[in-house]
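**Student:** what's the 3D shape of this:
(one chain, ligands or ions: 2)
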Amino acid sequence: MEYYTLANGMRIPQLGFGTYKLNGFSGAMAIKSAINNGYRLLDSAYNYENEGALGQGIRDADVRRSDLLVTSKLPGRYYAHPKAPSALQESLYRSGLDYFDIYLLHWPNPQDDQYVEAWNALIAAQQAGLVRTIGVCNFLPAHLDRLQQETGVLPQINQIELHPYFNQLEQRQYDEEHNILTEAWSPLGRASEMLKDPTLIEIAKRYHKTVVQLILRWEIQLNVLPIPKSSNDRNQLSNLDVFDFTITASDMDKINVLTKPDGRTHNQDPATYQEF
Ligand SMILES: NC(=O)C1=CN([C@@H]2O[C@H](COP(=O)(O)OP(=O)(O)OC[C@H]3O[C@@H](n4cnc5c(N)ncnc54)[C@H](OP(=O)(O)O)[C@@H]3O)[C@@H](O)[C@H]2O)C=CC1
Ligand SMILES: O=C(O)C(=O)[C@@H](O)[C@H](O)C(=O)CO
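**Tutor:** Ligands and ions are numbered 1, 2, ... in the order given. Here you go, the predicted structure:
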């Protein structure tokens, strides 16, 4: 595993593990396997209703809690004070953990206009030692500018939808200029038709890699941190096997041009989308 270093000095693996839809007994088993298979960064959310399975997977795995980076996220319905601190504390109770390494605001929900209030709650949680690093998901430049102007604190991480069909060049540039690490959610496009793209198949064959491995490697070479989800051992292991090859600049360009203006998997544009 190779690492990025966040602006606050925290070292973070270049590839993490998504847990959306990993729930209950089978979810806990899949999370335990992911840890035993080598993942050290885990991504969950209050809204996934699996922080309990996450905590169980962590307790069952053969790796110390202190060697893991555990992420969860605050849902929009708890952004207003005093709901935010108690929701974060509930996340901790659900997981059975006494701190999160990373806690993120899940969506900006611009119509509610409560994300600055919620951000202040994360700043306070960090000061209280409940969270080591704070960040956001799905924030656009205008939202991030407001956090900076109104709190003076920028997120360390911005987790956004990113894959070859939606490569987020402008948001990536903004994040990089502001020392914010971009994480890629749905880095495999949720296993959509994208995995059958002829350009990706042709390039992957030349590197003797799968299309999925090519995509994950491309994301890392963009200085992005992908968090693929997989419920099975074979895919979990294969998705980690991306550190033994380098995509050439010309092949990177061929993948970069696959992006589409309407390439989002679920048409969730953070400028208007609301999630509670
Ligand atoms: N902040 C946010 O707003 C959001 C965050 N997220 C986070 O990002 C994570 C990843 O995104 P997600 O939406 O789950 O989608 P992904 O792009 O990670 O795709 C997951 C799908 O890919 C399949 N898959 C995984 N590995 C392989 C492989 N090697 N070959 C073929 N198929 C494979 C999985 O199937 P199988 O399980 O059978 O392997 C699953 O169907 C989430 O789990 C969540 O943690 C996601 C959405 C929004
Ligand atoms: O999975 C997440 O983190 C989400 O934010 C969800 O919106 C997810 O993207 C979804 O599609 C729910 O229908």
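
**Student:** give me the beta-bridge partners of the residue in the stretch 1-150 of the chain positioned nearest to ligand 1?
**Tutor:** Residue nearest to ligand 1 within the stretch 1-150 of the chain: residue 18 (2.4 Å; CB to the nearest ligand atom). Where you see a C-beta, it was placed from the backbone N, CA and C, and this is true even at glycine. Counting by DSSP bridges, residue 18 forms beta bridges with residue 43, residue 229.

**Student:** Around it, how many other residues sit close by?
**Tutor:** For residue 18, the count of nearby residues is 27 (other CB atoms under 10 Å).

**Student:** That one against residue 235, yeah?
**Tutor:** No - Residue 18 is not in contact with residue 235 according to CB atoms under 8 Å; the separation is 11.7 Å.

**Student:** residues touching residue 43, list them.
**Tutor:** Residues near residue 43 by CB atoms under 8 Å, 6 or more residues apart in numbering: 16-19, 71, 159, 183, 185, 227.

**Student:** Return the member of those residues nearest to ligand 2.
**Tutor:** Sorting the contacts of residue 43 by distance to ligand 2 puts residue 185 at the head of the list, at 6.4 Å, by CB to the nearest ligand atom.

**Student:** where along the stretch 151-276 of the chain do the strands fall?
**Tutor:** Taking DSSP state E, counting those that start in this stretch as the criterion, the stretch 151-276 of the chain carries its strands at 157-161, 181-185, 224-226.

**Student:** what's next to the second one, contact-wise?
**Tutor:** Looking back up the chat, that one is strand 181-185. By CB under 8 Å, 6+ apart, strand 181-185 touches 4, 6-7, 12, 16, 18, 43, 137, 156-163, 168, 171-172, 175-176, 219, 223-227.

**Student:** and that strand with ligand 1, contact?
**Tutor:** Yes - counting by CB under 6 Å from any ligand atom, ligand 1 is contacted by strand 181-185 at residue 185.

**Student:** Could you tell me how far that strand lies from the centre of the chain?
**Tutor:** Offset of strand 181-185 from its chain centre (CA atoms, centre = their mean, to the nearest Å): 5 Å.

**Student:** Name the strands paired with that strand and say parallel or antiparallel.
**Tutor:** Strand 181-185 has its sheet partners listed here by DSSP bridges as strand 157-161 (parallel), strand 224-226 (parallel).

**Student:** I'd like those strands written out as a markdown table, with mean neighbour count added.
**Tutor:** Below are those laid out as a markdown table (neighbours: other CB atoms under 10 Å):
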| stretch | mean neighbour count |
| --- | --- |
| strand 157-161 | 25 |
| strand 224-226 | 25 |
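
**Student:** possible to save the ones you listed as CSV with mean pLDDT?
**Tutor:** Putting the strands paired with strand 181-185 into CSV (pLDDT from 0 to 100) gives the following:
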stretch, mean pLDDT
strand 157-161, 98
strand 224-226, 99
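
**Student:** how about those strands in TSV, adding distance to residue 199?
**Tutor:** Below are those laid out as TSV (distance: least, CB to CB, whole Å):
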stretch	distance to residue 199
strand 157-161	20
strand 224-226	19
